[in-house]
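S.K.: Here is the input, now give the coordinates:
(chains A and B)
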Amino acid sequence: MSGHVVPAKIYFLVFAVLILCTALTVAAAFMDLGPFNLGVALAIAAFKATLVVLYFMHVRYDPKLIGLAIALALAWLGLLLFITFADYLTRGWVPFPGK
Amino acid sequence: MRADPRPGAAAAHAHQFEDAQQQRDAVTLGMWAFLVTEILFFGGLFLAYAIYRWSFPAAFALSSHHLDVTLGGANTVILICSSLTMALAVHAAQTGAGRKLVGFLLLTILLGGAFLGIKAVEYRHKFREHLIPGASFRMPAGEAPARDKATPDPLIAAGVPAGSPLAAAGLQAHAQVFFSLYFAMTGMHALHMIIGLGLLAWLALQARRGRFSPAYNAPVEIVGLYWHFVDIVWIFLFPLLYLVGRHA
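M.R.: Numbering: from 1, shown residues only, chains lettered A, B, ... in the order given. Next up is the predicted model:
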């Protein structure tokens, strides 16, 4: 935080959107969206997380350095997921438990 | 960091900083450096979840139906409310509203406690329903959700006849993987909540003693960052654990 006071009104607005998105994610889960159910759920969660980071954690008002640190964390997380799945998705999986 | 804790003290900063602003920026960056390690810590758990969900889609959908969407959803709302009260607590600290600060901190503690209470009720249900991984694990094997028949358990895809004892044993084993991940992920999340509640209690005590002011409120700030981070983890856990294959 860089001494910037975020108006309380913004907190309430973000809160309302977060609650709305929670209702939306539950509603979407009970709808058959074919292969898109997981994608929609993750997109809504990512949107909610972004709102929390930008406003509740006031990164929007922080120095750019903070944003860089977060971007690097996400890049490492992306590498972790990408490299692991590059392996798991391209080789056979022995389906027998314990084998 | 040794800032002058007296209310109304001039923007105090430790000698290695140019000014109070630079000190605040350093505090924020330090906390984020910690949160980055937390992102990668939970990232590993989410990676394990992703691999096993991709491997056993039918068992995951079936297992997810044994979680309580109402309780999970209620906890999501409670946690978002607690994030709001935490944000308002930071706001109160920045504007020097001492009484409001204590009030919002206590409200956040109350909401966090409610979350853990509901979590305990859920764990109790799982215990009674034999859904704790281990020797007595036994998930009632209902009809597989319709859509997941298209993507059957890998055992069935590998030619094991559906309904055979081996297929049933495989389903139980794969369901145990889901519940192992459920308890590991929600358990780790709950542990973070418990630590957060301890920090909040300490903050409330300090706030009551009038230790925070518009010039010095870094502890409120960084505990706030931690609390919001724990909220974000749950924002991902809720749809991934409770809402798998619900439409079927």
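S.K.: Local confidence estimate at residue 85?
M.R.: Just going to use chain A. Note on residue A:85: pLDDT of 90.
S.K.: nope, chain B
M.R.: For residue B:85, the pLDDT comes out at 97.
S.K.: now do the one 4 residues further on
M.R.: Reading off the confidence values, residue B:89 has pLDDT 97.
S.K.: from what I can see it touches residue B:219, true?
M.R.: No: the pair residue B:89 / residue B:219 is not scored as a contact, 11.2 Å apart, by CB atoms under 8 Å. For every residue, glycine as well, the C-beta is placed using N, CA and C.
S.K.: now what about stretch B:176-195, what contacts it?
M.R.: For stretch B:176-195, contacts defined as CB atoms under 8 Å, 6 or more residues apart in numbering or on different chains pick out B:42, B:45-46, B:48-49, B:52, B:56, B:59-60, B:63-64, B:67, B:112, B:115-116, B:119, B:123, B:126, B:131-133, B:137, B:139, B:230, B:233-234, B:237, B:241.
S.K.: for the chain, what's the longest helix?
M.R.: This is for chain A. helix A:64-88 (DSSP state H).
S.K.: wait, chain B
M.R.: For chain B, the longest helix by residue count, based on DSSP H, is helix B:165-208.
S.K.: next one: it to chain centre, how far?
M.R.: Here helix B:165-208 is found 8 Å from its chain centre; the criterion is CA atoms, centre = their mean, to the nearest Å.
S.K.: Do a quick rundown of the helices in chain A.
M.R.: Using DSSP H, helices in chain A cover A:8-29, A:37-51, A:64-88.
S.K.: Using JSON lines, lay out these together with mean neighbour count and distance to chain B.
M.R.: Listed next are the helices of chain A as JSON lines, based on neighbours: other CB atoms under 10 Å in any protein chain shown; distance: least, CB to the nearest CB, whole Å:
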{"stretch": "helix A:8-29", "mean neighbour count": "17", "distance to chain B": "4"}
{"stretch": "helix A:37-51", "mean neighbour count": "17", "distance to chain B": "4"}
{"stretch": "helix A:64-88", "mean neighbour count": "13", "distance to chain B": "4"}
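S.K.: residue ranges with poor pLDDT in chain A?
M.R.: Within chain A, the stretches with pLDDT under 70 are A:1-3, A:92-99.
S.K.: Can you tell me how far residue B:41 is from residue B:238?
M.R.: 19 Å (CB to CB, to the nearest Å).
S.K.: out of these two, which sits in the more crowded spot?
M.R.: residue B:238 (25 against 12; other CB atoms under 10 Å in any protein chain shown).
S.K.: Name the nearest residue to that one, sequence neighbours excluded.
M.R.: residue B:76 (4.9 Å; CB to CB, 6 or more residues apart in numbering or on different chains).
S.K.: hang on, isn't that neighbour packed against residue B:236?
M.R.: No: with contact defined as CB under 8 Å, residue B:76 does not reach residue B:236; the gap is 10.8 Å.
S.K.: in whichever strand or helix holds residue B:82, what counts as buried?
M.R.: Assessed by DSSP states H and E, residue B:82 sits inside helix B:69-94. The neighbour-count criterion (16 or more other CB atoms under 10 Å in any protein chain shown) identifies B:69, B:72-73, B:75-76, B:78-94 as the buried residues of helix B:69-94.
S.K.: about what we covered before: quick one, what contacts the residue nearest to residue B:238?
M.R.: Contacts of residue B:76 by CB under 8 Å, 6+ apart are A:22, B:234-235, B:238.
S.K.: Taking those residues, tell me the two that lie furthest apart.
M.R.: Farthest-apart pair in the contacts of residue B:76 is A:22 and B:234; separation 10.6 Å (CB to CB).
S.K.: which outside residues touch stretch B:238-245?
M.R.: A:22, A:25-26, A:29, A:37, A:41-42, A:44-45, B:46, B:49, B:53, B:57, B:60-65, B:67-69, B:72-73, B:75-76, B:145, B:147-148, B:181-182, B:185-186.
S.K.: which element follows the helix holding residue B:82 toward the C-terminus?
M.R.: Per DSSP H and E, the first helix or strand lying C-terminal to helix B:69-94 is helix B:98-128.
S.K.: quick one: residue B:232 from residue B:226, how far?
M.R.: Counting by CB to CB, the gap from residue B:232 to residue B:226 is 11 Å.
S.K.: higher neighbour count, the two?
M.R.: Neighbour totals were compared for residue B:232 and residue B:226, and residue B:232 leads with 25 against 21 (other CB under 10 Å).
S.K.: who's in contact with the residue nearest to the more buried one when sequence neighbours are not counted?
M.R.: Of all residues not flanking residue B:232 in the chain, residue A:49 sits nearest, at 4.7 Å (CB to CB, 6+ apart). Residue A:49 makes contact with B:232, B:235-236, according to CB under 8 Å, 6+ apart.
S.K.: Next: residue B:217.
M.R.: Contacts for residue B:217 (CB under 8 Å, 6+ apart) come out as B:90, B:93-94.
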